[in-house]
Each structure stands twice: as C-alpha cells, then as structure tokens.
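Visitor: quick one, structure for this:
(chains A, B and C)
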Amino acid sequence: MRIWLFKTEPDAFSLDDLQDAPDGTSGWDGVRNYQARNRLRDEVSNGDRVLIYHSSCKVPAIVGEAEVVSDAYPDPTQFSAGHPGEDSRSRPDQPRWYQVDVRYHRHFPQPLSLATIRDHAEFADMELVTRPRLSIQQITDRQYQQILALCGADEPRSATGAA
DNA sequence: GCCAACGTTGGC
DNA sequence: GCCAACGTTGGC
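Guide: The predicted structure follows:
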C-alpha cells in the first residue's frame, strides 16, 4: 500500500464535497498533467491511502484523508463536449487522461498548513515543497507518521501494521 | 490581483 | 530535438 497526496482546489471540489458524495465516493477527475497522469495510471492502486490537500485557498493545508477504491480508468470528462476537462485529442480507444475513485475517510482534528510544513526541516524533501505543482504526490511512511502526529490524528491500524 | 515557477506547444 | 513563446498553477 502506498500513501499519496492529492491536491484539489476546495472551491471546485473539497474534502467536504467528497464526504457529501454518494457513499462518500467520487471519481478524481480533471488531472491534466502527464506526470500526474502516469502516476494515477501506473502507480496508484486500489486500497492506497490518500492525504487530501487544499490549494489556492485562504489556508493551503492537508485537511484529511481518503482511500483509493478503484483501479485507474479513463477520465470520462475528456470526452464530454463543452466540459472544462474536454480534450479533443482524446479518442475513446486511446484515452489520454485517467482517474481513480476515492472514498472519504476523515477530516483531521488539526489541518496541517503549507506554512507549517515549510517550517519543519524534516519536510524539506516533501514533493509539496520541492515540486509544488505536481498534483499527485507520493508520501513516505515516515512523512505520513509525522503528518498524522501534527494533525492530531491516530495512526490507522492498517497503515503500517505494527503500531 | 500579482507574479514566479514551471509545464506544454509548436516552429524550425 | 531544441528552445522560445505561451499558458497555468498556486502562494502570497
């Protein structure tokens, strides 16, 4: 099981929106960057854990977590005429963009702001700091533990096995 | 709203 | 395949 950080603009789709979705589950559509696409398609797996990060908002922060509940499949919005995600270069037999389904897990008691992340030297090599524009980022086990601690969140038993 | 960083496009 | 122009992201 891998741990990821997915970025989203809460004005467009927030963790609350995910919580309110039917079954707390929604397709993570709209990824239009090749490296992020490659990760979604080739590395993100059903059952992986996902930290949700809110960007382009008053307090950019990690706000909670979700889990991946599907394998990658073509993002239908790329074929949807007039949709902002439409890509006229995509063909149904050769889709260009992929998505996975994610299911809401929880809000953290304490969001972890980007400012705080930057204040902590141990996060200096987080992709959030080194490659801030990548929308699908990988999180190490160690970073995950540190993030949970700063968020006041319990370690989920299934995350790493032994506590 | 500004602007720096960086990803993508397209001419050559 | 290079690289300049352009578009987008996202913190501030």
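Visitor: over to A:Ile3: give its phi and psi.
Guide: Dihedral angles of A:Ile3 (phi, psi; degrees, to the nearest 10) stand at phi -120, psi 130.
Visitor: contacting residues for it?
Guide: Residues in contact with A:Ile3 (CB atoms under 8 Å, 6 or more residues apart in numbering) are A:Asp48, A:Arg49, A:Val50, A:Leu51, A:Gln138, A:Ile139, A:Thr140, A:Asp141, A:Tyr144, A:Ala159. C-beta: built from backbone N, CA, C; applies to glycine.
Visitor: partner residues bridging it?
Guide: Beta-bridge partners of A:Ile3, counted by DSSP bridges, are A:Arg49, A:Ile139.
Visitor: now do stretch A:146-160: distance to the chain's middle.
Guide: 16 Å (CA atoms, centre = their mean, to the nearest Å).
Visitor: tell me which residues in it are buried?
Guide: A:Gln146, A:Ile147, A:Leu148, A:Leu150, A:Cys151, A:Ala153, A:Ala159 (16 or more other CB atoms under 10 Å).
Visitor: just stretch A:46-59 next, same as before
Guide: Buried, per 16+ other CB under 10 Å, within stretch A:46-59: A:Asp48, A:Arg49, A:Val50, A:Leu51, A:Ile52, A:Tyr53, A:His54.
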